[in-house]
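Student: The amino acid sequence is not available; the structure is as follows:
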């Protein structure tokens, strides 16, 4: 369900099947409550200036995203995480649109400055760093409640994730300023940062009550698995959000456009190669996850399950969210019930077990035994 208007899709709406040999269809039993409370919070802070902006903000289905990637978590941190997601989607939209909000230009320097202030607002009670307005008031509320809820180590990890997210956004903006489409190696090296992997995974662990010791969490094998999961999720986002951003100039930096630029082909012709990168990484994830699971203690074992739920839940979420299935550049308002109606495959489109020929990613395969 979508409306083409005068902007046909470069990659089409009927996408190839997604290789996802993980448990699917999970949704938190209190998803409706989480959504109601999070939406009430957005309204209390007037996060959206009018009814149209509110409709598109809620079309992100941020609470459903939270409830699909954390299908069995504690409700209180999930509500706070859902509110963070509504706020982050709004921040992402001003970045993508070229407008950084009150008092800040969406150029690389502006994004970096705004992001540095944002991160400091999160980690310490330092008010007044950001321009006054609803988004800042909402952020300061989120930050104060986050500092109260998270333990010091969790807060440090979350703040690190915020800085990674800002770094990725700044890098992308700098490329746009210079008129540069990054190489595949450059893009894959930075994509996990711009997708907010560690911003998100902190909340997955908090809501699930997972506490993996830092020496284990940051060990090379666990980091390789985490990065691989983040890359799969990023590829899914790039494909399923492609039609939302295909009116931008210069072209959006995503895995499809990067491959098309590198190979000198159309985005539609590059789509199979994007799936191949994603599927070979998914195969690596499955193998490395099985290897780590053989000797994992309780905390690490639960973390491995959480990564699986993130991948599968993120894919199901993107399929159903009007933000992607009936995007704003084609519709005056979100189309309720819109969906890509994606299908799944039990076999990868690229069956190779060999490392991807991308230096930024190839080291993941070195963590496999044998």
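Tutor: Everything's here; your move. Fair warning: this is a prediction, and the values are worked out from it, not measured in the lab. Numbers count the residues shown, from 1 in each chain.
Student: For the rest of this, base every contact and every neighbour count on C-alpha atoms.
Tutor: Noted.
Student: same for the helix or strand hosting residue 84, what does it pack against?
Tutor: For residue 84, the host element (DSSP states H and E) is helix 75-97. Where contact means 3 or more CA pairs under 8 Å, 6 or more residues apart in numbering; DSSP states H and E, helix 75-97 is packed against helix 31-44, helix 51-58, helix 62-69, helix 134-149, helix 197-208.
Student: Run the angle between the third one and helix 31-44 for me.
Tutor: Okay, so that is helix 62-69. Orientation of helix 62-69 against helix 31-44 (axes from the mean of the first three to the mean of the last three CA atoms, to 10 degrees) gives an angle of 150 degrees.
Student: what's in contact with helix 62-69?
Tutor: 26-28, 31, 34-35, 38, 78-79, 81-83, 85-86, 89, 204, 306, 309-314, 316-317 (CA atoms under 8 Å, 6 or more residues apart in numbering).
Student: Mind listing what's buried along the helix holding residue 84?
Tutor: Of the residues in helix 75-97, 75, 77-87, 89-90, 95-96 count as buried by neighbour count, 16 or more other CA atoms under 10 Å.
Student: and if you look at stretch 142-159?
Tutor: Neighbour-count burial for stretch 142-159 [16+ other CA under 10 Å]: 142, 143, 146, 147, 150, 154, 155, 156, 157, 158, 159.
Student: What pLDDT does the model give the fifth one?
Tutor: For residue 150, the model assigns a pLDDT of 97.
Student: What residues does it make contact with?
Tutor: The contact partners of residue 150, taken as CA under 8 Å, 6+ apart, are residue 206.
Student: do you know how far it is from residue 120?
Tutor: Look at residue 150 and residue 120: by CA to CA, to the nearest Å, they are 16 Å apart.
Student: The fourth one too?
Tutor: With distances taken as CA to CA, residue 147 is found 12 Å from residue 120.
Student: cool, and residue 232?
Tutor: 30 Å.
Student: Between these two, which is the more surrounded one?
Tutor: A direct count of neighbours by other CA atoms under 10 Å for residue 232 and residue 120 places residue 232 higher, at 23 against 17.
Student: do you know how far the more buried one is from residue 7?
Tutor: 28 Å.
Student: got it, and residue 337?
Tutor: 21 Å.
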